[in-house]
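>>> Quick one, structure for this:
(2 chains)
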Amino acid sequence: MAQQEFVSLLKTHQNIVHKVCNLYMDQYKDREDLFQEITLQAWKAYHSFRGDAKFSTWLYRIALNTSITFYRKEKRSPSIYSTDELPEMVSQDGPDPIEAQLKAMYNAIGDLSKIDKAIVMLYLEDYAYQEIGEMMGITANNVAVKMNRIKTKLKEQSQKYMDQV
Amino acid sequence: MDLDQFKNELNTKLASDHINRSDADIEQLLKKKTGSFIDKIKKSFWFEIIFGFLLNFGFVYAAFDANLQSLRIYFGVFSVVMYLFLFFLIYLLVRTNRIKTADQPIKSNLNSYIHLIEEFIKRYLQFTMALIPICIIFSGYLGYSDAHSDKLMKFYKSGYDLGTKMNGTQFLVFISATIVFTGLGIYGMYHFTKWYLKKLYGNYLNELKQCMLELQN
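Prediction:
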């Protein structure tokens, strides 16, 4: 009964797990491994889910914790994202500048540390700083400071990627 | 170029690039084995506890059954130290079971991981180092004080004869060399164990510590 309930909830919210896997892993095989690991860790912890928080928030916490502590014996690739990840958006008038910027930003996020990625992920999901802080185990003020730093870092890094194009 | 400018696009991009799983796919995943570090270290604890207890039965048997008093004391002390370590492993296993769920804040989760690995490394090193005096100095002393057997007597006598044939300087060099080589052996053993533990857990531990440092700054 609990398993059916869990499977149904995870199926509905599987986008969260896919997003986290795409953020943390660049290779298909690694993403599959991480998806499996998050699913298993979520199932193990499901008995502790009391429903006083949203399932999505709870699942984010499990997924991010699992991704940050994910243990791989071999590191397949040092870089997180390859520029091949995004399809080339070349219109008849040449490369789309917006797409190029998006690609640069995506690559810049890939260069972030595991912790910064977690914060960006939650920020993109429109969580309030207070909620991000609770999930990360830090204060809302600290989240705000970190988010400012991350934004500056992303701006600079994505500009570097743009200059390379 | 700003992150907020691409918020929606990035969200959409991250959520794409996958095939949706069906109920059956997810149920299938639940049957698979987890590969998390905590589960790996748990398996390692179980293996060491079971293997350690089996091995210790042999030591306890030898402690009661050996003919020589020295051997009985040696195996007795060895098994007491081994039992202490095994009980420590059981304590770590209990602690590991408590932190296996990942639904706590990221900082607390990292903290639990770091403390667990650090404690394991510290105690493992202490245990290995504690075995050195038992194995070398203690066994030598016990063997000497209980030298009944002919073979053992011959061994000690040859050492004694060698000592008496030496002049003062030679004896001093011999003793110094023995101390230096024993010291080097202990030093080597200490660094080898440290290197081995670092190879097993060091890089992972550093990675976790780096994450923790980032959260604290």
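>>> Buried ones in the longest helix belonging to chain A, by neighbour count?
The longest helix of chain A (DSSP state H) is helix A:140-164. Residues of helix A:140-164 classed as buried: A:142, A:143, A:146, A:147, A:150, A:153, A:154, A:157, A:158, A:161, A:162 (neighbour count, 16 or more other C-beta atoms under 10 Å in any protein chain shown). From N, CA and C alone the C-beta is placed, and that goes for glycine too.
>>> ok, now stretch B:54-66?
Quick answer for stretch B:54-66 (16+ other C-beta under 10 Å): B:56, B:59, B:60, B:62, B:63.
>>> pLDDT (mean, whole number) over that stretch?
For stretch B:54-66, mean pLDDT is 89.
>>> Let me see the contact set for residue A:146.
A:116, A:119, A:138 (C-beta atoms under 8 Å, 6 or more residues apart in numbering or on different chains).
>>> just these that are near chain B?
Among the contacts of residue A:146, the ones lying near chain B by C-beta under 8 Å from any C-beta of the partner chain are A:116, A:138.
>>> neighbour-wise, which of the contacts of residue A:146 leads?
residue A:119 (28 neighbours; other C-beta atoms under 10 Å in any protein chain shown).
>>> you'd agree that one is up against residue A:135?
No: counting by C-beta atoms under 8 Å, residue A:119 stays clear of residue A:135, with 9.3 Å between them.
>>> Can I get the contacts of residue A:146 in a markdown table including distance to residue B:134, secondary structure and pLDDT?
Converted to a markdown table, the contacts of residue A:146 look like this (distance: C-beta to C-beta, whole Å; DSSP: H, G, I helix; E, B strand; the rest coil; pLDDT from 0 to 100):
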| residue | distance to residue B:134 | secondary structure | pLDDT |
| --- | --- | --- | --- |
| A:116 | 49 | helix | 95 |
| A:119 | 50 | helix | 95 |
| A:138 | 46 | coil | 94 |
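>>> Closest to chain B out of the contacts of residue A:146?
Chain B lies nearest to residue A:138 out of the contacts of residue A:146, by C-beta to the nearest C-beta, at 6.0 Å.
>>> thinking again about what came up before, for residue B:198, state which of the buried residues of stretch B:54-66 is nearest.
residue B:56 (27.4 Å; C-beta to C-beta).
>>> what about that closest one, helix or strand, and which?
helix B:37-65 (DSSP states H and E).
>>> can you pull out the helices in chain A?
Using DSSP H, helices in chain A cover A:2-12, A:14-24, A:28-45, A:55-68, A:97-110, A:114-124, A:129-136, A:140-164.
>>> do the same with chain B
B:7-15, B:23-30, B:37-65, B:69-98, B:106-133, B:139-145, B:150-165, B:168-197, B:203-216.
>>> As JSON lines, those helices with distance to residue A:42 would be great.
Below are the helices of chain B laid out as JSON lines (distance: least, C-beta to C-beta, whole Å):
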{"stretch": "helix B:7-15", "distance to residue A:42": "18"}
{"stretch": "helix B:23-30", "distance to residue A:42": "10"}
{"stretch": "helix B:37-65", "distance to residue A:42": "14"}
{"stretch": "helix B:69-98", "distance to residue A:42": "18"}
{"stretch": "helix B:106-133", "distance to residue A:42": "14"}
{"stretch": "helix B:139-145", "distance to residue A:42": "52"}
{"stretch": "helix B:150-165", "distance to residue A:42": "62"}
{"stretch": "helix B:168-197", "distance to residue A:42": "31"}
{"stretch": "helix B:203-216", "distance to residue A:42": "21"}
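>>> Of the ones you listed, which is nearest residue A:105?
Closest among the helices of chain B, using C-beta to C-beta: helix B:7-15, at 6.7 Å.
>>> Please see if that closest one touches chain A.
Yes: interface with chain A: helix B:7-15 contributes B:7, B:9, B:10, B:11, B:13, B:14, B:15 (C-beta under 8 Å from any C-beta).
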